[in-house]
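**Q** the following comprises the amino acid sequence and a computationally predicted model.
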Amino acid sequence: MGPSGGKGGKGWAGGIRIRNRALSTKPQPRSFAVVDKSQIMEHAEVIGADGVHIGTVDHVAKGPDGGERIKLTRTDSPQGPDGEGAKHHYIPIGLVADIEDGKLRLSANADVVADLFEEAD
């Protein structure tokens with residue numbers, strides 16, 4: 001069958017019509033969160049997919065790209081014996097896989113998430 005029949009013929013690939021369209025290369029802010037961000041509460045514990053503690057939510061903030069991210073409190077940040085050097089860190093909101101018993105469970109293990117930390121200024 002040809003294009004009008006739905007199979008084979010010019011412009012068809014496996015029964016799907018292919019059209020030549022220019023795709024936009026302009027970056028778009030994206031949020032991949034699958035949970036309702038309004039459920040993310042301040043001071044909620046953040047754990048990795050492996051159950052390891054990662055940090056504590058300070059709040060949800062806008063990133064430089066317009067997407068949202070979670071700002072963690074300084075409490076869990078590496079610091080000196082007198083508390084100096086503690087900094088806020090951000091993690092992408094899209095890593096939140098689930099919220100269970102007030103805890104944010106991420107889709108990645110804690111060691112992977114630590115590599116994704118963005119340090120606050």
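**A** Yep, that arrived. Numbers count the residues shown, from 1 in each chain.

**Q** was I right to think residue 86 contacts residue 77?
**A** Yes - with contact defined as Cβ atoms under 8 Å, residue 86 reaches residue 77; the gap is 4.4 Å. Glycine gets a C-beta too; all of them are placed from N, C-alpha and C.

**Q** so between those two, which is more surrounded?
**A** Ranked by neighbour count (other Cβ atoms under 10 Å), residue 86 and residue 77 place residue 77 first, with 17 against 13.

**Q** now do the more buried one against residue 55, distance only.
**A** Per Cβ to Cβ, to the nearest Å, residue 77 is found 8 Å from residue 55.

**Q** joint contacts of the two?
**A** Listed as contacting both residue 77 and residue 55 by Cβ atoms under 8 Å, 6 or more residues apart in numbering are residue 89.

**Q** give the bridge partners for residue 118, please.
**A** Applying DSSP bridges to residue 118 yields these beta-bridge partners: residue 90.

**Q** could you do residue 99 as well?
**A** residue 104.

**Q** just give the number of residues close to residue 42.
**A** For residue 42, the number of neighbouring residues by other Cβ under 10 Å comes to 11.

**Q** dump the residue contacts of it.
**A** Residue 42 touches 57-59, counting by Cβ under 8 Å, 6+ apart.

**Q** now, of the residues you listed, which are buried?
**A** 57-58 (16 or more other Cβ atoms under 10 Å).

**Q** just put the contacts of residue 42 in TSV and tack on secondary structure.
**A** TSV is the format used below for the contacts of residue 42 (DSSP: H, G, I helix; E, B strand; the rest coil):
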residue	secondary structure
57	strand
58	strand
59	strand
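
**Q** quick check: residue 106 vs residue 61, distance?
**A** Distance of residue 106 to residue 61, computed by Cβ to Cβ: 17 Å.

**Q** comparing these two, which residue is more hemmed in?
**A** A direct count of neighbours by other Cβ under 10 Å for residue 106 and residue 61 places residue 106 higher, at 24 against 13.
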